[in-house]
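**Student:** Need the 3D shape of this:
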Amino acid sequence: MKPQTNILFVCLGNICRSPMAEYIMRHKIKQAHLEDRVSIDSAGTSGWHDGEDMHKDTKKQLAKHQIDHFGFISRKVRKQDWDYFDYIIAMDNQNLKDLERLFGKNTEKLFNVTSLCPDLAYDHIPDPWYTGNFDETYQLLDQCCDVMLEKLTR
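**Tutor:** Numbering: from 1, shown residues only. Predicted coordinates for the structure are as follows:
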């Protein structure tokens, strides 16, 4: 692994799915003692919630799994993210299309998180803002983050 790998998780509003992925992945990175080699962040394609904390049910889900959820501030994806991050990982196909419009296609660097787990029953992470099912979102992201960690340690 190179000295520093930077990962950005992206959803629409950056208050539910992408912060959940960010904090799950941070937790896994810490458990693997890789904090000095991997940095994790998240952003949204819309900017609707810029400056806000994550959704209260995202916090509850992370707390339920004993994952730190403090210090979060929502933000919109920026052009300069392309140069800084090694991986930009979308939560669904619409997020991916929005990101490809901004950055262009690059399947090595920019991809849908569910492509990490082709055996999932989903081709996207359902948005709990609409489904209300934060537990399902957690379970799917937890699996995808396990695979991402494997990818990083290979």
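
**Student:** for Glu52, what are its contacts?
**Tutor:** Contacts for Glu52 (Cβ atoms under 8 Å, 6 or more residues apart in numbering) come out as 15, 73-74. Using the backbone N, CA and C atoms, a C-beta is placed for each residue, glycine as well.

**Student:** do the same with Ser74
**Tutor:** Going by Cβ under 8 Å, 6+ apart, Ser74 touches 13-15, 19, 44, 49-54.

**Student:** what's the closest of these to Glu150?
**Tutor:** Closest approach between these and Glu150, by Cβ to Cβ: Pro19, at 22.2 Å.

**Student:** correct me, but that closest one touches Ala43?
**Tutor:** No: at 9.6 Å, Pro19 and Ala43 do not qualify as touching, with contact defined as Cβ atoms under 8 Å.

**Student:** show me where the protein has strands.
**Tutor:** Along the chain, the segments classed as strands by DSSP state E run 5-11, 38-44, 87-90, 110-112.

**Student:** Looking at those strands, spot the one closest to Tyr130.
**Tutor:** Closest among those, using Cβ to Cβ: strand 5-11, at 11.7 Å.
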